[in-house]
Every structure is written in C-alpha cells, then in structure tokens.
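S.K.: below is the structure, and that's it, no one-letter string:
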C-alpha cells in the first residue's frame, strides 16, 4: 500500500511539472495575458480590459521570458513592428514594468507634436473630428474629450482623444528615432506618459518589445458596484469580450 501511495504522489508531481512546463512555454512563446490599469490608451483600450498579447509577433528577447531570464541574447526571429501596432514593452528605465502604447515612429523617423498635431518626417498626420468621448475623473465627474480619427502614413486609422491642443505635451522638440528603437504614444494624448517624455520613457529599444495586443478576453468596469443575476458583476462589458484588437 505504501508503494502505491508513493507512486501516486510521483504521478501527481509529474503532472504538475508537465502542466507548469506547458504553461511556461505558452506564456513565453505564444500568448500572455495583460490587463489595462490606466486610461492612457482610451478610447481604444478601457481600464479593466484584459487582453492577450502575441509573444511571437516581434520575435523573442529575454523580456519574452518570465522574470526576464537572461538566456536569449538581444532578439531572435525578429519581425519589426508596423506603424500603428499596439505594443506591450518593458519600461526602459525600469524593465520590471510593462507598458502598452501605440507605435507611431520607426527607426530613422522624425517625430514632433506642434500645437497638438502629430508630425512624422515633417508631414502633419491627418485627423478627422469624430464626436465626443466621455469619461469620469477620480472624483466621479464626467469629462468630455474631443475624439478624432487619425491616419498614420501607412494608412492605419485609429481613434485618439484630446482635451485641447494646448496641453503640456502638445508642443515638443523634434525627436529622431535611433536605429533599433521605436517611438510610442498613447491614444489618450493629453493623459499619457510615453516616448515624448525622454527622461522617463523615451525611445523603445527593440529588445524591450514584449508583443502585440491581439484580442480582448474579458472586460469589466472596475468602478461599477452593480451586480446582476446570481451575483454576477453588472459591470462586465459583454460586448468587448473576445473582440479582436485592431489598429
């Protein structure tokens, strides 16, 4: 009987190790879940969105692995991001922190914001008014932001928000993106710490890229205290679940 019990424990341990190895491989090389804690990517991504990021989209670096294990030199199987990709990357000044922003500048580009308008390689990026977006501030007051559809030089169209064209980061110097680096911005332009802040975020090294946002798998209004039938939270955004994240 004791021998049978020992074999049973070995079987359980083997199952746990195999399951752990599968989870490690899937998380490191296929898809990893992330959640959105702030409003810097509004209106594209909402606070309380949970999404899958494809780890294979840009190849792999040490930051593809849990705890950034230093077993991958530089980057392997590299595929450069496209302009307009929503990318997760490691915060350059603290690589333990994940950030998510939109790639707008590629290596060799010049990027500038003048009077609230984005310029890439000296050309203004077109934007079209698209109504108003409402959000609540920390005091639960409704704030109305101007919504625009911006069209990047490669034809990718996406929504952005602007409080006005006279905010703190609405007039910047010209940034020249170094080789092997990328320039990223939040869609909520006046409420985003991004590559415009050179001493805090700055240019994103290709090694710091983690993956591309692909699909929502859950979304909940974290400010909601409502409950529906059978105790299911009423703040679940059912219409966003399994939505594909497009530029």
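M.R.: Yep, that arrived. Only a predicted model underlies this, so the values are computations on that prediction, with no experimental measurement involved.
S.K.: centroid residue for the protein?
M.R.: Per C-alpha atoms, centre = their mean, the C-alpha nearest to the average position across the chain is that of residue 100, at 2.4 Å.
S.K.: so that one sits in a strand?
M.R.: Yes: inclusion of residue 100 in a strand is indicated when DSSP: H, G, I helix; E, B strand; the rest coil is applied.
S.K.: quick check: closest non-adjacent residue to it.
M.R.: With sequence-adjacent residues excluded and distances taken as C-beta to C-beta, 6 or more residues apart in numbering, residue 100 is closest to residue 88, at 4.9 Å. Glycine gets a C-beta too; all of them are placed from N, C-alpha and C.
S.K.: contacts only, for the residue nearest to the centre of the chain.
M.R.: Residue 100 makes contact with 34, 36, 41, 45, 86, 87, 88, 89, 213 under the criterion C-beta atoms under 8 Å, 6 or more residues apart in numbering.
S.K.: pretty sure the last one sits against residue 51.
M.R.: Yes: applying C-beta atoms under 8 Å as the test, residue 213 and residue 51 come out as touching, 5.4 Å apart.
S.K.: report the buried residues of stretch 151-168.
M.R.: The neighbour-count check on stretch 151-168 (16 or more other C-beta atoms under 10 Å) flags 152, 156, 158, 159, 160, 161, 162, 163 as buried.
S.K.: list just the nearest of those to residue 221.
M.R.: Out of those, the one with the shortest distance to residue 221 is residue 161. That distance is 18.0 Å, counting by C-beta to C-beta.
S.K.: phi, psi for that closest one please.
M.R.: Backbone torsions of residue 161, given as degrees, to the nearest 10, read phi -120, psi 140.
S.K.: low-confidence stretches in this structure?
M.R.: For the chain, the stretches with pLDDT under 70 are 1-7, 10-30, 69, 138, 223-234, 247.
S.K.: switch the cut-off to 90
M.R.: Low-confidence segments of the chain, defined by pLDDT under 90, span residues 1-32, 55-56, 59-78, 92-96, 135-143, 221-236, 245-247.
S.K.: at which residues are the strands of it located?
M.R.: Per DSSP state E, the chain has strands spanning 31-35, 49-54, 86-90, 98-105, 110-114, 117-120, 123-124, 127-136, 142-151, 157-162, 175-176, 181-185, 204-205, 209-219. These are given in chain order.
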